[in-house]
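Colleague: coords below, sequence missing:
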């Protein structure tokens, strides 16, 4: 029987804008970051099979806090079942179109503080709209995160909005523009495409983190 992975028991836990507000549970964290409206909340809802877990908004920049969701990754391999608890972390989008300079800078500061100082972050999924894989703002985010040693997984979103030929071409571009040592995952929340591959990558990251001294 093939191994299966599933996220179970999803629950909103906390929101934060400062380090002293981070949950003090010691659980590993998998975070999601990308441009406003790239589909972070939709992806989290899709992964958890829970439509209303993370708020989905048509207005860019609506998520203004770091939002924590406690979950378990259930791995079934034959008769063996393993459950690994962790946090999914939904970060505010960057490149807000409708905010003033002061709030934009504040959001940048606390996002930067989280990704560089959270002691439990084991992987950050950088979401890139597969229709526009080479935008400067995404390149800048990737460069900054790479320079700060943040463990990255690139996820191309909204794959269902492309023809097959366009998707193949843009997937190649993703690999060239955002090298991480791991293949980019292409995801469609509408068709659930890529969920299994992303869960495999999350499991790998959690296992690597648990093996560290």
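Modeller: Received the coordinates, thanks. As the structure is a prediction and not an experimental result, all values here were calculated from the model.

Colleague: Assign residue 183 to helix, strand or coil.
Modeller: coil (DSSP: H, G, I helix; E, B strand; the rest coil).

Colleague: What sits closest to it if chain neighbours are left out?
Modeller: Excluding the flanking residues, the one nearest residue 183 by Cβ to Cβ, 6 or more residues apart in numbering is residue 175, at 7.1 Å. Every residue, glycine included, has its C-beta placed from N, CA and C.

Colleague: what's the answer for residue 166, then?
Modeller: In space, residue 166 is closest to residue 131, 8.0 Å off (Cβ to Cβ, 6+ apart).

Colleague: what about that neighbour, how many neighbours?
Modeller: Neighbour count of residue 131, defined by other Cβ atoms under 10 Å: 14.

Colleague: secondary structure element for the most centrally placed residue in the chain?
Modeller: Here the mean C-alpha position of the chain is nearest to the C-alpha of residue 32 (Cα atoms, centre = their mean), at a distance of 2.4 Å. Using DSSP states H and E, residue 32 sits in strand 29-34.

Colleague: just checking, what packs against that strand?
Modeller: Here strand 29-34 touches helix 40-48, strand 80-90, helix 101-117, strand 121-129, helix 136-147, helix 195-210, going by 3 or more Cβ pairs under 8 Å, 6 or more residues apart in numbering; DSSP states H and E.

Colleague: related to what we said a few turns ago, in three-state terms, label the residue nearest to residue 183 for me.
Modeller: helix.

Colleague: is it possible to export the helices and strands packed on strand 29-34 to JSON lines including mean pLDDT and distance to residue 3?
Modeller: Shown next, in JSON lines, are the helices and strands packed on strand 29-34 (pLDDT from 0 to 100; distance: least, Cβ to Cβ, whole Å):
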{"stretch": "helix 40-48", "mean pLDDT": "89", "distance to residue 3": "17"}
{"stretch": "strand 80-90", "mean pLDDT": "95", "distance to residue 3": "9"}
{"stretch": "helix 101-117", "mean pLDDT": "71", "distance to residue 3": "30"}
{"stretch": "strand 121-129", "mean pLDDT": "97", "distance to residue 3": "20"}
{"stretch": "helix 136-147", "mean pLDDT": "92", "distance to residue 3": "30"}
{"stretch": "helix 195-210", "mean pLDDT": "94", "distance to residue 3": "9"}
